Each structure stands twice: as C-alpha cells, then as structure tokens.
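A.B. asks: take a look and give me a structure for this.
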Amino acid sequence: MPAQSAEQLWKAYNETTDTNGASYQTRWFGEQNNPAEVQAFADAILAGTKTATTTPLDTYTAEQVAIPQVGDYNVLLDGNMKPAAVLKTVVSELIPFYRISGEHAYHEGDGDRSIGDWRKRKTEEFTPVLEEHGQNLSPDTPMVSEVFEVVYRNN
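C.D. replies: Residues are numbered from 1 along each chain as shown. Predicted coordinates:
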C-alpha cells in the first residue's frame, strides 16, 4: 500500500536502507498553487527526465532556507502534495548563471534541453524573483546548481 504521508514514505525508505539517522525535508518543484505544474515536474523526475535543478542563491538567503548539500534527502511531493518518492542530493555547487553547463541544462529536462533554451527560460523565471529581492540577473549571479537522484519510490 502506498504511503499516505511524507513521514510514512520516509519510514518505509529507512526500513530498506541505513540512512545513519539522516532527516528529510518535503519538496516539490513548481508553484504550489499550480498542481498541474507540480505534477508535471514530479512525473519528469520519476521518469528520469529531470535529475537537476538550478535556483538563485538569493532565493535561499531571502527565504532563509538552507542550501541543498550532498547527501540531503527530500520527500518529493506530487501535484496533490502527496509523497511520490525520496530524492537524494548528489551534487550541489555554487556557479555563476552563465557558467551553468549545457550538460546541467540537459539534465534539468525543460524545453528542448539546450543551454540556449535553458538560459532563455531561466532568465524569464529568475528575473522577477530576483527583482522582488532588489537584485538583478547578470551573467555572474550566483546559482545553486543541484543534481539529485530518486532513491525510493512510493509504490
């Protein structure tokens, strides 16, 4: 029977492996008030199309949220805010916007997966977010570049 809560899914995962007392956070991709978008991202992650993400460093500092670290666990939530999988961060780097690689853009799984398309999409996405915090997007804007893997699925 599938887990009905993040806590149940985390417990089920812990029964299959030794996480050495690690903890988890819940996480979803996209806007929470747009369940279809959140579901589409969750589906892409579960399909293996999306294995990476990028977020302006300013977003973490402005929201006082910890920057992902290698070895962090997250319970991925779907469009209904139900647990879908456990993710583990395998890479977390601070990189200037224009130094994000084509490989990373490909692994984000958006659009045509090219670096040109990625830059266009992320410029449109990040510009208003940074402006809300009194910042501007530039080639040198620090980005948190993260790669994650699905380590457990909610079956």
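A.B. asks: for the protein, which segments count as helices?
C.D. replies: Ranges of helices in the chain, per DSSP state H, are 6-14, 35-47, 57-62, 102-108, 115-132.
A.B. asks: the longest one: which residues count as buried?
C.D. replies: The reference is to helix 115-132. For helix 115-132, a neighbour-count test (16 or more other Cβ atoms under 10 Å) marks 118, 122, 126, 130 as buried. Every C-beta, even on glycine, is put in place using the N, C-alpha and C of the backbone.
A.B. asks: kindly export that helix (C-alpha atoms) in CSV.
C.D. replies: Extracted in CSV, the C-alpha atoms of helix 115-132 (Å, rounded to 0.1, in the frame of the first residue of the first chain):
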residue,chain,number,x,y,z
ILE,A,115,21.7,25.6,-22.9
GLY,A,116,20.3,28.4,-25.1
ASP,A,117,16.7,27.4,-24.3
TRP,A,118,17.7,26.9,-20.7
ARG,A,119,19.1,30.5,-20.4
LYS,A,120,16.0,32.0,-22.1
ARG,A,121,13.6,30.1,-19.8
LYS,A,122,15.7,30.8,-16.6
THR,A,123,16.1,34.5,-17.4
GLU,A,124,12.3,34.7,-17.7
GLU,A,125,11.9,32.8,-14.5
PHE,A,126,14.6,34.3,-12.3
THR,A,127,14.4,38.0,-13.3
PRO,A,128,11.1,38.7,-11.5
VAL,A,129,12.2,36.6,-8.5
LEU,A,130,15.5,38.5,-8.1
GLU,A,131,13.8,41.8,-8.7
GLU,A,132,11.5,41.1,-5.7
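A.B. asks: on that earlier part again, make JSON lines from the buried residues of helix 115-132 and add pLDDT and distance to residue 64 to it.
C.D. replies: JSON lines is the format used below for these (pLDDT from 0 to 100; distance: Cβ to Cβ, whole Å):
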{"residue": "118", "pLDDT": "97", "distance to residue 64": "27"}
{"residue": "122", "pLDDT": "97", "distance to residue 64": "23"}
{"residue": "126", "pLDDT": "97", "distance to residue 64": "19"}
{"residue": "130", "pLDDT": "96", "distance to residue 64": "16"}
